[in-house]
Structures are given as structure tokens and as C-alpha cells.
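Engineer: structure, please.
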Amino acid sequence: MATKPVVIRFFAPVIDATVNALMSAVDQKMKQGIKDFIILISSPGGSVIHGLSAYNYLKGLPASITTHNFGSVDSIGIVIYCAGSKRLSVPQARFLFHGVSAQFRGEQNLEEKLLEERLKGLRIDMENIAKVIAANSGKSAKDITDAMIERTTLNPEEAKSWGLVHEIKSELFETGSEVITIQFQQQAQPPRKT
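Structural biologist: Coordinates of the predicted model:
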């Protein structure tokens, strides 16, 4: 009897803690001989470096990865979604493309060379994101870059016409499947003293 795929529900922003939890869950199950995974993903996006790392990790595994948008896959979340060799979406979902940005802290002084370095980093991030999505869809890297600049949002039918989604399907997984949940637990703030 064939074993069912392990289901990993990634309902989280793309940050170091959630990506590490995703990779650890996959590692643990692969050590147990599991080679078939369904990653349910609904994410507002987040860190480019963590999203690209998760994509490269999942894409490079000797395993079968299916990704399934079960809500909203935004920004760098689309890159993780692209790691699936089979990509599904529920009918009531969306995909949001947008550009990358740099955060500056407080009254940080930035000289010209540091600004040039930041700008070059942003351009490379945009290029890498566009290349990944283009490689996993029917669109060119320029089409993807344009969609990011225009802040394009696609419904599942539009994403399917782009080649990003292979099938629109409401059923997420078989009854009795093992489900591992990855979500971001925000630290509770201590009560303020006045």
C-alpha cells in the first residue's frame, strides 16, 4: 500500500523562523522515508532571501512536491509556491505580484556607495524572483518584472492561463493524511506599566 503524502500547512509570513520550520519538517519526514509532500500555502510574503532559499531547497530535494494555494499567495510566497512540480489552487484564491523594497532604520546615514549597493541588491532580488516565476510559468522574466512593477493580482483562472497554476481544485488532501502546521506565533507583548 502506497503511503499518503505528508501535508505541510504553511499559513505564515516568509521569515527565518517559518522557513526553518518548513525545511525541518521536510527533513524530519524524509529521514522517515517520506518522499511525497503537499505544501498548502497561504502567505503574505516576507523576506526575499528566505523565500529564495526555501524554493531552492524544496526544488532540489529528491522528493515529489505539490504546492496548493489555499487562500492568498503574495509576493515572495509565489516563489515558494513555484517549488511544486504540481501546483494547485482553490477557486477562491489570489496571487499578488509586487516589487521588492529595502528598509532603513531610524535616522540611518547612507552615503552614495551604500545606496548603490542597496539598489543593486534590490535589482538582483527582482531579477531572481522574475527568473524563478518565469521558469515555472508560461511568462518571460520581463513579463514577470512588469507584473511586479504594476502590482498585479491574479485570480486562479488568470494564474492558470499564465501557466503558474496547473489545476484549480477545492479538495486539499485525502482523509487520514498527516498534517504538519507551520504558522507564525507573534510574541505576546507584556502589559505596559504607566
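
Engineer: hey, which helix is longest across this structure?
Structural biologist: helix 112-135 (DSSP state H).

Engineer: mind listing residues that contact that one?
Structural biologist: 48, 52, 55, 76, 78-79, 82, 97, 99-102, 110, 139-145, 148, 164 (Cβ atoms under 8 Å, 6 or more residues apart in numbering). C-beta: built from backbone N, CA, C; applies to glycine.

Engineer: narrow those residues to those that are buried.
Structural biologist: Buried members of the contacts of helix 112-135, scored by 16 or more other Cβ atoms under 10 Å, are 48, 52, 55, 76, 78-79, 82, 97, 100, 139, 141, 143-145, 148, 164.

Engineer: any idea which of those residues the model trusts least?
Structural biologist: The member of these with the lowest pLDDT is Val100, at 84.

Engineer: which element is Arg9 on?
Structural biologist: strand 6-11 (DSSP states H and E).

Engineer: residues in contact with that strand?
Structural biologist: Outside strand 6-11, the residues within contact range by Cβ under 8 Å, 6+ apart are 18, 22, 25-26, 29, 34, 36-43, 70-71, 80, 172-173, 177-183.

Engineer: okay, now the sheet partners of that strand, with direction.
Structural biologist: If you go by DSSP bridges, strand 6-11 pairs up with strand 36-43 (parallel), strand 179-183 (parallel).

Engineer: just the strands in the chain please.
Structural biologist: Secondary structure of the chain, counting by DSSP state E: strands at 6-11, 36-43, 64-74, 86-89, 94-96, 153-154, 167-168, 179-183.

Engineer: which of those strands has the lowest mean pLDDT?
Structural biologist: Among the strands of the chain, strand 179-183 scores lowest, with a mean of 94.

Engineer: so where's the chain uncertain?
Structural biologist: 1-2, 102-104, 106-107, 186-194 (pLDDT under 70).

Engineer: mind running it again at 80?
Structural biologist: 1-2, 101-110, 185-194 (pLDDT under 80).

Engineer: contacting residues for the residue positioned nearest the centre of it?
Structural biologist: Against the mean C-alpha coordinate of the chain, by Cα atoms, centre = their mean, the closest residue is Gly77 at 2.5 Å. Applying Cβ under 8 Å, 6+ apart, we find Gly77 in contact with 14, 41-46, 51.

Engineer: quick one: the nearest residue to Ala93 once chain neighbours are set aside from Glu112, how far?
Structural biologist: The shortest distance from Ala93 to any non-neighbouring residue, by Cβ to Cβ, 6 or more residues apart in numbering, is to Asn69 (4.6 Å). Distance check for Asn69 against Glu112: by Cβ to Cβ, to the nearest Å, it reads 42 Å.

Engineer: if you count surrounding residues, which of these two has more?
Structural biologist: Ranked by neighbour count (other Cβ atoms under 10 Å), Asn69 and Glu112 place Asn69 first, with 26 against 7.

Engineer: who does that one form a beta bridge with?
Structural biologist: Ile41, Ser89.

Engineer: no more questions from me, cheers.
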